[in-house]
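J.: got a predicted structure here, sequence first:
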2 protein chains.
Amino acid sequence: MERKRISESTIHRLSLYLRTLAELDADGQATVSSKELADREKLTPAQVRKDLSFFGSFGTRGLGYPVIELKDKIARILGVNRTWNVAVIGVGNIGSALVSYKEFARQGFRIVKIFDNDQRKIGSNHKGIQVSDFKDFADEAPEAGVEIAIIAVPGPIAQYVVDDVVRAGIKAILNFAPVNLRVPADVYLRNENMSMELEYLSFAMVNNHVQKKTRRTV
Amino acid sequence: MERKRISESTIHRLSLYLRTLAELDADGQATVSSKELADREKLTPAQVRKDLSFFGSFGTRGLGYPVIELKDKIARILGVNRTWNVAVIGVGNIGSALVSYKEFARQGFRIVKIFDNDQRKIGSNHKGIQVSDFKDFADEAPEAGVEIAIIAVPGPIAQYVVDDVVRAGIKAILNFAPVNLRVPADVYLRNENMSMELEYLSFAMVNNHVQKKTRRTV
DNA sequence: TAACCTATGTGACGGGTTTCACATGACTCG
DNA sequence: CGAGTCATGTGAAACCCGTCACATAGGTTA
Ligand SMILES: NC(=O)c1ccc[n+]([C@@H]2O[C@H](COP(=O)([O-])OP(=O)(O)OC[C@H]3O[C@@H](n4cnc5c(N)ncnc54)[C@H](O)[C@@H]3O)[C@@H](O)[C@H]2O)c1
Ligand SMILES: NC(=O)c1ccc[n+]([C@@H]2O[C@H](COP(=O)([O-])OP(=O)(O)OC[C@H]3O[C@@H](n4cnc5c(N)ncnc54)[C@H](O)[C@@H]3O)[C@@H](O)[C@H]2O)c1
């Protein structure tokens, strides 16, 4: 199934294409050229074509790509032509926001469990989901078919939480805590770091930094 | 002031170094080697040294880098050796979470204004800040010295909001809406895209993708 | 003060990713 | 049905970024 090593940048751009294709589809547009796709994402047409070419030939020469078909292809490549069960751990400021975000479900990520260790929160209802005690994670997460864990607990606690999550057999983790988490090699870990983007803005302003190609952004 | 074109990756890594240096400083460690820094960030020592070398020679051969000094240097490079005034626009789920996040202030980003257009929210108090009517942005933001705007409004509205923000003279924007915003060339725009990271996890799982070097990730 | 040790700083190298350029193939129109 | 148009798909080139390897310099010790 794997032909070449696909770069992280390419995968990120596929996410962008997917979003734009969904918009084009909603607008009723039937086909799209690499140029149009590129313009929307501030990329080059060649980049778009090269990215897609890693996975096959989806277009028609002289015409472009069929919007719906390409959207489905990319969804399949990214693995979002299905639903992933997600658990949110820590239902504080950011955890609550994530739980309330209906868009995730539409994109294939369904939050099925919420965990916390605060007695005042355990048992309470968030968007129709009862908050569970994190102590019971190892029992309840597998039972609910959780495949992805989102870590939204305070930084100093995150490593302990992650250790438990890994022990429960979870292989994919999205971390919001501003710490470097250690996980085994077979566990996928991604970090969401808002300070990094703010600091990038700061750097750009201080240095009158020239904006180049927008890479792994948006 | 600018010697070379500095890559986005390098800037992102500086953010990582800064965070780790703050930890080391808190632990009372006086010096740190490129190797130790690299181990903590899952990078190579050469990468660390190269990144720093773009900006000068901060270390001592045979010894390493002085933690406090290097921290200050990087803070200065990133422009966070000062405070930036930030406005949050849209105090819904994610906006509220950001406003409640005290860590930003510690990192040099002080939220001084909150805007919304919901009458029920305007005038209410969030963490000591009165929510303003977004209609008054052009007046109130410059008055409060706002330099960075965080967009946390629904996607379909984001472009209109951003147009107003740009018109008010703001040059740096962090966008949470899942849309591609158009801004003039002299405005710095960064996007925060959580779906992208979830989709990356999804792709990795579906393809048993081998985890390589953690690049522009936390 | 001299010898040794250690980790920096950096030119050279190599690999990977993006851009270029064009041959190719599909559709359209006359 | 044939000529023309257009945008794809892809090798090759260019470029960028990370890694390597080592000369170098500061610290330390005797
Ligand atoms: N709020 C933001 O905008 C923001 C931005 C960037 C990063 N973050 C990071 O996200 C994380 C959460 O931030 P927040 O503002 O939501 O904090 P918060 O304090 O509001 O929420 C943390 C939640 O985690 C729960 N918790 C604590 N220990 C736990 C445990 N052992 N098991 C399960 N749950 C536990 C707490 O009860 C609380 O509900 C932090 O690491 C923070 O640095 C937050
Ligand atoms: N909640 C999340 O976890 C999450 C995750 C990723 C992305 N996002 C994105 O962040 C944005 C906000 O999401 P949310 O969940 O906080 O939505 P929300 O509906 O809770 O909040 C949006 C806020 O914007 C305000 N608003 C609407 N129009 C406005 C205008 N013209 N001027 C000023 N304020 C206006 C609304 O009154 C509301 O308070 C959306 O674009 C969403 O897609 C949210």
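T.: Received it, and whenever you're ready, just let me know what you need. Numbering: from 1, shown residues only, chains lettered A, B, ... in the order given. Ligands and ions are numbered 1, 2, ... in the order given.

J.: what mean pLDDT would you report for the longest helix anywhere in chain A?
T.: Across chain A, the longest stretch assigned as helix under DSSP state H is helix A:8-26. For helix A:8-26, the mean per-residue pLDDT is 97.

J.: is the next helix or strand after that helix anywhere near chain B?
T.: Following helix A:8-26 in sequence order, the next helix or strand is strand A:31-32 (DSSP states H and E). No - counting by Cβ under 8 Å from any Cβ of the partner chain, chain B has no neighbours in strand A:31-32; the shortest distance is 14.3 Å. No exception for glycine: its C-beta is placed from N, CA and C like everyone else's.

J.: what packs against strand A:31-32?
T.: Where contact means 3 or more Cβ pairs under 8 Å, 6 or more residues apart in numbering or on different chains; DSSP states H and E, strand A:31-32 is packed against strand A:65-66, helix A:67-78.

J.: most tightly packed of these?
T.: Of all the helices and strands packed on strand A:31-32, strand A:65-66 has the most neighbours on average by mean count of other Cβ atoms under 10 Å in any protein chain shown, namely a mean of 22.

J.: partners of that strand, with directions?
T.: Counting by DSSP bridges, the strands paired with strand A:65-66 are strand A:31-32 (antiparallel).

J.: state whether residue A:113 is indeed within a helix.
T.: No - the assignment for residue A:113, made by DSSP: H, G, I helix; E, B strand; the rest coil, is strand rather than a helix.

J.: in stretch A:177-190, what's buried?
T.: Buried residues in stretch A:177-190, defined by neighbour count with 16 or more other Cβ atoms under 10 Å in any protein chain shown: A:177-181, A:183, A:187-190.

J.: can you narrow those residues to ones near chain B?
T.: Okay, of the buried residues of stretch A:177-190 touching chain B (Cβ under 8 Å from any Cβ), that's A:178, A:180, A:188, A:190.

J.: these in strands, which ones?
T.: In strands, judged by DSSP state E, the following of those are found: A:188, A:190.

J.: hang on, the earlier thing: nearest to residue B:117, of the buried residues of stretch A:177-190?
T.: The nearest member of the buried residues of stretch A:177-190 to residue B:117, counting by Cβ to Cβ, is residue A:178 at 31.0 Å.

J.: now do the contacts for the residue in chain A positioned nearest to ligand 2.
T.: Residue nearest to ligand 2 within chain A: residue A:101 (3.5 Å; Cβ to the nearest ligand atom). Counting by Cβ atoms under 8 Å, 6 or more residues apart in numbering or on different chains, residue A:101 touches B:93-94.

J.: that one in helix, strand or coil?
T.: Secondary structure, three-state DSSP: residue A:101 is coil.

J.: pLDDT score for it?
T.: On the pLDDT scale, residue A:101 is placed at 97.

J.: and if you look at residue A:210?
T.: Residue A:210 carries a pLDDT value of 75.

J.: can you tell me the SS state at it?
T.: Counting by three-state DSSP, the backbone at residue A:210 sits in coil.

J.: residue contacts, it?
T.: By Cβ under 8 Å, 6+ apart, the neighbours of residue A:210 are residue B:5.

J.: from residue B:99, how far off is it?
T.: Per Cβ to Cβ, to the nearest Å, residue A:210 is found 32 Å from residue B:99.
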